[in-house]
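> This is a predicted model, with the sequence first.
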Amino acid sequence: KQEVTQIPAALSVPEGENLVLNCSFTDSAIYNLQWFRQDPGKGLTSLLLIQSSQREQTSGRLNASLDKSSGRSTLYIAASQPGDSATYLCAPEEGGSEKLVFGKGTKLTVNP
Amino acid sequence: NAGVTQTPKFQVLKTGQSMTLQCAQDMNHNSMYWYRQDPGMGLRLIYYSASEGTTDKGEVPNGYNVSRLNKREFSLRLESAAPSQTSVYFCASSLTGTGDYEQYFGPGTRLTVT
């Protein structure tokens, strides 16, 4: 069974700082991994989808990497802004099932 | 496109009452999912449907039933609500079978069972 761990559980940084969110998973037999953002009281917004054939994906100030062999993914946020404050969720697929398994998230606060 | 829509947004039930949560997507996706989100537990899959007419259990199916009415709609029914089913429920959809899928989520339904 796929298990997902996200470290740290919470992070508070000053505006402008570059930061890295970590995700580890136990089953490396995945096709895809997806990163989401969730604002308080809202649904999930997809940020990046990394296919197993890719090592990284970029969207604006966000860069996500995937190392299947070590069961790790990282989300890099450059030049953080207060609007980046949210909970970030990592979700690798479960063993080729096309179903996602979610970590508990990292709650990010960017202070002005 | 509206994406994934869910109704209702909020609901309060008494123990033993029944209700159906509705979900619809307009992206022509084949797969649809129901999750629940509880504090400290993360999102957990309740049921999913890989295509019209098929449904399968996820991690926490007990106390729920689902219906894939057509390609667009996937409903979740609580037959006899219990306080343990107090949660936020999310519906999602994706285009699977292509090896390149992305799940899209609805805004959620906040359910309280008293």
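Happy to help now that I have it. Numbers count the residues shown, from 1 in each chain, chains lettered A, B, ... in the order given.

> Count residues in the vicinity of residue B:80, would you?
Neighbour count of residue B:80, defined by other C-beta atoms under 10 Å in any protein chain shown: 11. (Each C-beta comes from the backbone N, C-alpha and C, glycine too.)

> scratch that, residue A:61 is what I was asking about
Residue A:61: 13 surrounding residues under other C-beta under 10 Å.

> so what's it up against?
Shown in contact with residue A:61 (C-beta atoms under 8 Å, 6 or more residues apart in numbering or on different chains): A:77-79.

> Just the element for residue B:81, please.
Under the criterion of DSSP states H and E, residue B:81 resides outside all helices and strands.

> what number of residues lie near it?
Counted with other C-beta under 10 Å, the neighbours of residue B:81 add up to 21.

> Do I have it right that it meets residue B:18?
Yes - at 6.8 Å, residue B:81 and residue B:18 qualify as touching, with contact defined as C-beta atoms under 8 Å.

> Alongside chain A, which residues does chain B contribute?
Applying C-beta under 8 Å from any C-beta of the partner chain, we find that chain B lies next to chain A at B:31, B:33, B:35, B:40-45, B:48, B:50, B:58, B:90, B:92, B:94, B:96-97, B:99-108.

> List buried residues within those residues.
B:31, B:33, B:35, B:42-43, B:45, B:48, B:50, B:58, B:90, B:92, B:94, B:96, B:101, B:103-108 (16 or more other C-beta atoms under 10 Å in any protein chain shown).

> Next step: the residues you listed restricted to helices.
The members of these all map outside helices under DSSP state H.

> I'd like the list of the residues you listed that fall within strands, please.
Those of those mapping onto strands are B:31, B:33, B:35, B:42-43, B:45, B:48, B:50, B:90, B:92, B:94, B:104-105, per DSSP state E.

> if we take those, which one ends up nearest to residue A:43?
Distance to residue A:43 across those (C-beta to C-beta) is lowest for residue B:105, with 4.6 Å.
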